[in-house]
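J.: Need a 3D model of the sequence below.
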Amino acid sequence: MYNPNHFKITDTELIESFISQNPFATVISIKNESPIVSHIPINRFSNGRLYGHMANSNPHSQIEDNSTITAIFSGPHAYISPNYYKSEFNVPTWNYSSVHCCGKLKFVNDKDAVWELFNEMVSIYEGAEGWRLPNETKFKNLFNAIQFFYIESPEFEAKFKFNQNKSVEDIESVIDSLEANGENEVAKLMRECTNG
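T.: Predicted coordinates:
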């Protein structure tokens with residue numbers, strides 16, 4: 001992606017936190033010179049790998065194991081009006097946050113492993129007191145219709161475009177304007193990235 005130096009994020013902890021908070025990824029791969037695009041939740045599991053799953057009927061389930069994929073995690077974003085700045089000469093823009101993860105797709109074919117992975121995924125979203133996957137045949141049979149995968153050797157590129165190339169006064173003014181317009185998530189992340 002186009003990523004000028006002042007918008008690049010290399011802090012691994014920040015990238016991991018961002019993925020954890022924005023796990024619904026756009027997954028892209030190429031098959032027969034055509035793009036395949038899916039929207040899939042991807043999470044860091046306790047064994048350290050990034051896992052996702054998809055329906056067997058999803059074209060992504062038909063690509064070759066070890067194919068290159070890119071997962072795009074998108075975060076808070078907002079339109080920025082020239083009126084938001086203290087300085088006079090500005091144009092409309094868009095502030096946003098995104099992490100790209102590129103690696104090799106590896107399918108998980110062991111049914112016992114898939115059962116364990118699905119249980120962990122449920123606990124990620126349900127928490128300690130939430131719903132649990134019943135250990136029943138009718139639930140286990142559902143796994144015949146899905147495909148779990150992980151991303152091997154992931155490489156990350158992160159871009160948080162939050163006016164880092166502007167003055168402190170402009171940054172503070174944009175944050176104030178975003179908060180006044182109810183764009184609190186963007187304002188919060190912008191404040192964290194710019195110390196505004």
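J.: which residue is nearest the middle of this structure?
T.: Nearest to the centroid of the C-alpha atoms of the chain, with distances taken as CA atoms, centre = their mean, sits residue 73, at 2.2 Å.
J.: Would you list the phi and psi of that residue?
T.: Its backbone dihedrals place residue 73 at phi -100, psi 120, with angles given as degrees, to the nearest 10.
J.: distance of the closest residue to it other than its chain neighbours from residue 195?
T.: Spatially, and ignoring its direct neighbours in sequence, residue 73 is nearest to residue 99 (4.5 Å; CB to CB, 6 or more residues apart in numbering). (Glycine included, C-beta is placed from N, CA and C.) Taken as CB to CB, to the nearest Å, the spacing of residue 99 relative to residue 195 amounts to 20 Å.
J.: How about residue 21?
T.: For residue 21 relative to residue 195 (CB to CB), the value is 20 Å.
J.: of residue 99 and residue 195, who's got more company?
T.: Comparing residue 99 with residue 195 by other CB atoms under 10 Å, the one with more neighbours is residue 99, at 23 against 7.
J.: my guess is the more buried one meets residue 158, correct?
T.: Yes. When contacts are counted by CB atoms under 8 Å, residue 99 is listed as touching residue 158 (4.6 Å).
J.: shared neighbours of these two, anything?
T.: Here residue 99 and residue 158 share the contacting residues 9, 15, 18, scored by CB atoms under 8 Å, 6 or more residues apart in numbering.
J.: wait, what's in contact with the first one?
T.: Just to be clear, that refers to residue 9. Residues touching residue 9, when contacts are defined by CB under 8 Å, 6+ apart, comprise 15, 99, 158, 159, 160, 193.
J.: before we move on, what about residue 152?
T.: 49, 66, 103, 104, 105, 106.
J.: so what's the fourth one bridging to?
T.: Taking DSSP bridges as the rule, residue 104 bridges to residue 68, residue 152.
J.: before we move on, what SS does residue 178 have?
T.: Assigned with DSSP: H, G, I helix; E, B strand; the rest coil, residue 178 falls in the helix class.
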